[in-house]
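In: Predicted model follows, preceded by the sequence.
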Amino acid sequence: MSDSILTIDLLTRALDVSALRQAVYSANIANAAVPGYQRLEVNFDQQMESFAAAFDSSSNADPTHVSMNAPSVVPTGTAVKLDEEVAAMARNALQYQTLVGAYERMSSLTRLAIHEGRE
């Protein structure tokens with residue numbers, strides 16, 4: 001599998017996780033005043049780090065054989081702090097925009113290669 005296909009796959013997964021995170025932050029904010037509600041969080045960062053480490057030149061891992069499970073939404077056991085949720089939501093929105101830009105660049109390069117530079 002080529003590096004560009006792996007990169008697009010990684011970007012696609014990261015975009016999906018980022019969209020899920022935004023939904024979880026929204027749910028946390030919406031339920032902040034509900035008695036007994038526990039803050040939720042998306043558990044996926046360790047898997048993304050493992051996948052990214054497979055691309056590291058010093059690593060012996062093969063990125064085509066790194067398995068990635070679906071992200072999970074888990075309760076943290078803590079109450080929602082609105083200011084922290086809003087900050088996390090803003091940070092996630094910025095990451096999402098960055099990922100979209102990277103995805104668009106990779107798609108443009110792929111399209112250019114397919115058309116052999118004639119576009």
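Out: Sure thing, it's come through.

In: Distance check, the residue nearest to the spatial centre of the chain against residue 22.
Out: The structure's the chain has its C-alpha centroid closest to residue 14; by Cα atoms, centre = their mean the separation is 2.6 Å. As judged by Cβ to Cβ, to the nearest Å, residue 14 and residue 22 stand 13 Å apart. Where C-beta positions appear, they are placed from N, C-alpha and C, glycine not excepted.

In: Let me see the mean pLDDT of stretch 24-33.
Out: For stretch 24-33, mean pLDDT is 96.

In: Output it in PDB with nothing but the alpha carbons.
Out: Only the C-alpha atoms of stretch 24-33 are listed here, as PDB (Å, rounded to 0.1, in the frame of the first residue of the first chain):
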ATOM      1  CA  VAL A  24     -19.300  14.400  22.600                       C
ATOM      2  CA  TYR A  25     -18.300  17.900  23.600                       C
ATOM      3  CA  SER A  26     -21.700  19.100  22.600                       C
ATOM      4  CA  ALA A  27     -23.400  16.400  24.600                       C
ATOM      5  CA  ASN A  28     -21.300  17.300  27.600                       C
ATOM      6  CA  ILE A  29     -22.200  20.900  27.400                       C
ATOM      7  CA  ALA A  30     -25.900  20.200  26.800                       C
ATOM      8  CA  ASN A  31     -26.000  17.900  29.800                       C
ATOM      9  CA  ALA A  32     -23.800  19.900  32.200                       C
ATOM     10  CA  ALA A  33     -26.800  20.900  34.400                       C
END
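
In: all strands of this structure, in order?
Out: All strands of the chain, identified by DSSP state E, fall at 40-43, 72-75.

In: Name the nearest residue to residue 12, ignoring sequence neighbours.
Out: residue 103 (7.3 Å; Cβ to Cβ, 6 or more residues apart in numbering).

In: List the residues that contact residue 8.
Out: Residue 8 makes contact with 103, 106, 107, 110, according to Cβ atoms under 8 Å, 6 or more residues apart in numbering.

In: could you pull out the helices for this protein?
Out: 3-30, 45-53, 82-114 (DSSP state H).

In: Mean neighbour count, these: which tops it?
Out: helix 3-30 (a mean of 17; mean count of other Cβ atoms under 10 Å).
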